[in-house]
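Trainee: Everything below, folded, please.
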Amino acid sequence: MPKANPKAAPISAATDAVLDAALPHVPFDGWTDRTLQAALADSGTASSLGPVLFPRGALDLALAYHRRGDRRMAERLAAMNLGDLRFRDRVAAAIMARLDLVEDKELVRRGMAFFALPQNAVEGTKALWGTADAIWTALGDTSDDLNWYTKRATLSAVYSATVLYWLGDDSPGHERTRDFLDRRIAEVMEFEKFKASVRQNPLGRVLTSPLRLLDGIRAPKRPDDLPGTLKDPA
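Mentor: Alright, predicted model coming up:
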C-alpha cells in the first residue's frame with residue numbers, strides 16, 4: 001500500500017476552503033485571478049499560499065472545482081443502488097448525478113466560457129475526458145484496449161451536449177434534460193448495434209479488417225514505480 005502523505009490532508013482542506021469561498025464570486029467575476037484573490041482573503045488563507053495551492057492561478061482554481069465535482073459524483077454513485085438498472089440507465093443516472101451536484105449553473109456557464117479561451121482549451125478538454133473516465137470507472141468499466149478510448153470519447157460527446165442543453169433547461173427536476181440525455185444514449189446504442197451488425201457480415205469483416213491494426217492499443221496504466229509506492233515482493 002502507498003504510504004500516506006501527511007501534507008496531503010492539510011493541502012486538500014485548504015484547497016476546499018478556498019474553493020468554497022470562491023463560489024459566490026464566480027457568477028460575478030468568473031474564474032479569474034480576481035476571484036482567486038478574493039477567495040483567499042475570504043477563507044482566511046494567506047495570499048502567499050495561493051501559488052502553492054493553485055500554481056497556474058485561476059486555471060487551477062477552475063480545474064480543482066471540476067475535479068472535486070467528479071470525486072463527489074463517484075462517491076454518490078458508490079452509495080446508489082444501480083444494480084437493477086439497465087446499463088444505459090446507469091450511464092444516464094451517472095451523468096445526472098454529476099449535474100445535480102452543481103450548486104449554481106452560472107458556475108458551469110462561466111467555466112465553459114473560461115475553457116473556451118484558446119489558452120485554456122486543452123485543459124478544458126482534459127477535464128471533460130476526466131469526467132467521462134470518472135463515470136466509466138465508477139460504473140465498473142474493465143476495458144483495457146481500444147474500447148477504453150472509444151467509450152470515453154463517446155461519453156464525452158454525450159456529456160458535453162447534455163450540459164449545453166441542461167444550462168437552458170428550467171423544467172421541474174430537469175425532466176427535459178433527462179429526456180434529451182435518453183435520446184442521445186439511444187442514438188449511441190443504435191450506432192453500436194449497427195457496428196456489431198457490420199462486423200457479423202462477411203463483407204463487413206473484409207472492409208473493417210484494416211482496423212484490426214488498432215487491436216494492439218491498450219488503456220494507459222498507472223505507473224507502479226512512483227516514490228512512495230510499494231511493489232509486491234517477487
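
Trainee: CA atoms for contacts and neighbours, from now on please.
Mentor: Will do.

Trainee: Spit out the contact partners of Ala21.
Mentor: Each residue near Ala21 by Cα atoms under 8 Å, 6 or more residues apart in numbering is listed here: 38-40, 42-43.

Trainee: Follow the chain on from the helix or strand encompassing Ala92 and name the next helix or strand.
Mentor: Assigned by DSSP states H and E, Ala92 falls within helix 87-100. As assigned by DSSP H and E, the chain's next helix or strand after helix 87-100 is helix 105-115.

Trainee: helices or strands up against the next helix or strand after that following helix?
Mentor: Counting by DSSP H and E, the element after helix 105-115 in chain order, helix or strand, is helix 121-138. Contact partners of helix 121-138 among helices and strands, from 3 or more Cα pairs under 8 Å, 6 or more residues apart in numbering; DSSP states H and E: helix 58-79, helix 87-100, helix 105-115, helix 146-167.

Trainee: now the angle between helix 121-138 and the shortest one, please.
Mentor: Relative orientation of helix 105-115 versus helix 121-138 (axes from the mean of the first three to the mean of the last three Cα atoms, to 10 degrees): 130 degrees.

Trainee: Could you do the last one as well?
Mentor: Computed with the same axes, to 10 degrees, the direction of helix 146-167 lies at 110 degrees from that of helix 121-138.

Trainee: If we go by neighbour counts, what in helix 146-167 is buried?
Mentor: 148-149, 152-153, 155-156, 158-159, 162-163, 165-166 (16 or more other Cα atoms under 10 Å).

Trainee: can you check the second one too?
Mentor: Of the residues in helix 87-100, those with enough neighbours to count as buried (16+ other Cα under 10 Å) are 90-99.

Trainee: What distance do you get for the most centrally placed residue in the chain to Thr125?
Mentor: For the chain, Thr131 is the residue whose C-alpha lies nearest the centre (Cα atoms, centre = their mean; 1.1 Å). Here Thr131 is placed at a distance of 10 Å from Thr125 (Cα to Cα, to the nearest Å).

Trainee: From Ala161, how far off is the closest residue to Ala46 other than its chain neighbours?
Mentor: Counting by Cα to Cα, 6 or more residues apart in numbering, Ala46 lies nearest to Leu40, which is 6.6 Å off, once chain neighbours are set aside. Going from Leu40 to Ala161 by Cα to Cα gives 34 Å.

Trainee: can you check Gly124 too?
Mentor: With Cα to Cα as the criterion, Gly124 and Ala161 are 15 Å apart.
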